[in-house]
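Q: coordinates only, sequence not included:
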C-alpha cells in the first residue's frame, strides 16, 4: 500500500514561520515522523511539497492509479483553490485533509475549506500529530474491512 502526503504552499518554511501557530517543527521532521509511522503500519509513504499550485495539481494527477490513499495539507490553498480540489476529486482513494493549527479557531477566512467536501475526513489543531493521525486514518480507510466472522 502506498500513501501520498502532500504539503502545500509555505509549508517548506515550517520551523521559521509563526511558531505560535505552527510550532518549531520543520517539514523534514514531519516527513521523518510520517516515514516512521508508515514503517509501523507496513505502508510506503511518499511526501511532496510545492509552492506552485499547478505543480501540486500535476503531482495529484500522477497519483491517479499510483496511490491507495492521500493525506494533504494544502496550506492557504485549502480555502480557495478549486484547481486543487478538482484535481483531488478525480482520485478514487481516501483523502484526509490535515492542518497543524485549528483552522476553525483562527481568522474567519480560514474556516472554509474547499477540499473538505470531497475529503474522507479532516484533522486539524494537533500540530504534527494532525499528520500522524491523518496518515493512520488514510491507511485505515484504504484497507479493506476485515471479514466478519459468522457463527
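A: Sure, I can see it. Not measured: the values here are computed from a predicted model.
Q: So which residue is dead centre in the protein?
A: By Cα atoms, centre = their mean, the chain has its centre lying nearest to residue 72, at 2.1 Å.
Q: right, and the helix or strand after the least confident helix or strand in the chain by mean pLDDT?
A: When each helix and strand of the chain is scored by mean pLDDT, DSSP states H and E, helix 19-22 comes last, with a mean of 74. Using DSSP states H and E, the helix or strand that follows helix 19-22 in sequence is helix 27-41.
Q: Give me the sheet partners of the very next helix or strand once past that next one and which way each runs.
A: Counting by DSSP H and E, the next helix or strand C-terminal to helix 27-41 is strand 44-49. The pairing partners recorded for strand 44-49 under DSSP bridges are strand 2-7 (parallel).
Q: Show residues contacting the strand it pairs with.
A: By Cβ atoms under 8 Å, 6 or more residues apart in numbering, the residues outside strand 2-7 that reach it are 27, 30-31, 34, 38, 43-50, 56, 59-60, 63, 66-75, 131, 135, 138-139, 142. C-beta: built from backbone N, CA, C; applies to glycine.
Q: Of those, keep whichever come out buried.
A: If you count burial by 16 or more other Cβ atoms under 10 Å, the buried members of the contacts of strand 2-7 come out as 30-31, 34, 38, 43, 45-50, 56, 59-60, 63, 67-75, 131, 135, 138-139, 142.
Q: Let me see the ranges of the helices in this protein.
A: Counting by DSSP state H, the chain has helices at residues 19-22, 27-41, 53-63, 82-90, 128-142.
Q: quick one, which of those helices is nearest to residue 110?
A: Closest approach to residue 110 among the helices of the chain is made by helix 19-22 (10.3 Å; Cβ to Cβ).
Q: to the chain's geometric centre, what's the distance from the closest one?
A: The chain centre lies 18 Å from the centre of helix 19-22; the measure is Cα atoms, centre = their mean, to the nearest Å.
Q: For that helix, buried residues please.
A: So helix 19-22, judged by 16+ other Cβ under 10 Å, has buried residues residue 22.
Q: What is the neighbour count of residue 6?
A: Per other Cβ atoms under 10 Å, the neighbour tally for residue 6 reads 24.
Q: and if you look at residue 137?
A: Residue 137 has 19 nearby residues by other Cβ under 10 Å.
Q: follow-up on the earlier one: what's the closest of the helices of the chain to residue 101?
A: For those, proximity to residue 101 was assessed by Cβ to Cβ; helix 19-22 is nearest, at 4.8 Å.
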